[in-house]
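Colleague: the following block contains a protein sequence and its predicted model.
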Amino acid sequence: MGLVLAAGAQAQPSPERGTRVEHEDVALPPELARVLRDYERAWRAGDAVALAALFAEDGFVLQSNRPPVRGRAAIQAAYAGQGGGPLRLRAFAFAAEDTIAYIVDAYGYGDAPSDAGKFTLTLRREEAGAPWRIASDMDNSNAPLRAQGSNPPAPPAQQPAEP
């Protein structure tokens, strides 16, 4: 099987943080779309077992402001207590070849017109024609960064030396 690549057209980015930067959604092949729809269903149900089952045995979850999580058992534990909301996923680029693929996506909730964040899924399968599993799920929010404190960090010359 040859490389399949698709990317939507990009409009000019909005200067406002937290607003949707328009990307034309792309239609995914059914076997890739299944991953997104299954993820949405499992998230909406708050089903950590079903979410973890979408991942490769040694898959990663790389969420904003959290340490990496690796392996289905750890992924299930990380997702426990999360979910239950009206998650909406949309793809605006992907590529797939034989046993490796990726999808570039945005996520939001309910009918909100803006995306809450963006993510990439790296997918793999044991052999061509086998079901796709998530090898890595990396996401980050569109929310503005919050300041760590009111004082700016000291210039490098004034910072204490590393032990």
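Modeller: Everything's here; your move.
Colleague: by residue count, what's the longest helix in the protein?
Modeller: helix 30-44 (DSSP state H).
Colleague: alpha carbons only: can I get it in PDB?
Modeller: Taking Å, rounded to 0.1, in the frame of the first residue of the first chain, the C-alpha atoms of helix 30-44 are listed here in PDB:
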ATOM      1  CA  PRO A  30     -13.000   4.400   7.700                       C
ATOM      2  CA  GLU A  31     -10.300   2.500   9.600                       C
ATOM      3  CA  LEU A  32      -8.700   5.700  10.900                       C
ATOM      4  CA  ALA A  33     -12.100   7.400  11.500                       C
ATOM      5  CA  ARG A  34     -13.000   4.400  13.700                       C
ATOM      6  CA  VAL A  35     -10.200   5.300  16.100                       C
ATOM      7  CA  LEU A  36     -11.600   8.800  16.600                       C
ATOM      8  CA  ARG A  37     -15.200   7.700  16.900                       C
ATOM      9  CA  ASP A  38     -14.300   4.900  19.400                       C
ATOM     10  CA  TYR A  39     -12.300   7.400  21.400                       C
ATOM     11  CA  GLU A  40     -15.200   9.900  21.500                       C
ATOM     12  CA  ARG A  41     -17.600   7.100  22.600                       C
ATOM     13  CA  ALA A  42     -15.300   5.800  25.300                       C
ATOM     14  CA  TRP A  43     -14.600   9.300  26.600                       C
ATOM     15  CA  ARG A  44     -18.200  10.300  26.700                       C
END
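Colleague: which parts of that helix are buried?
Modeller: Of all the residues in helix 30-44, those buried under the rule 16 or more other C-beta atoms under 10 Å are Leu32, Val35, Leu36, Tyr39, Ala42, Trp43. Any C-beta I mention is one placed from the backbone N, CA and C, and that applies to glycine too.
Colleague: could you do stretch 121-128 as well?
Modeller: Buried positions in stretch 121-128, judged by neighbour count with 16+ other C-beta under 10 Å: Leu121, Thr122, Leu123, Arg124, Arg125.
Colleague: Tyr79 against Ala50, yeah?
Modeller: No - if you go by C-beta atoms under 8 Å, Tyr79 and Ala50 don't touch, sitting 9.3 Å apart.
Colleague: tell me which of these two has more neighbours.
Modeller: A direct count of neighbours by other C-beta atoms under 10 Å for Tyr79 and Ala50 places Tyr79 higher, at 22 against 17.
Colleague: with adjacent residues omitted, what lies nearest to the more buried one?
Modeller: Spatial nearest neighbour of Tyr79, chain neighbours left out: Ala48 (4.0 Å); criterion: C-beta to C-beta, 6 or more residues apart in numbering.
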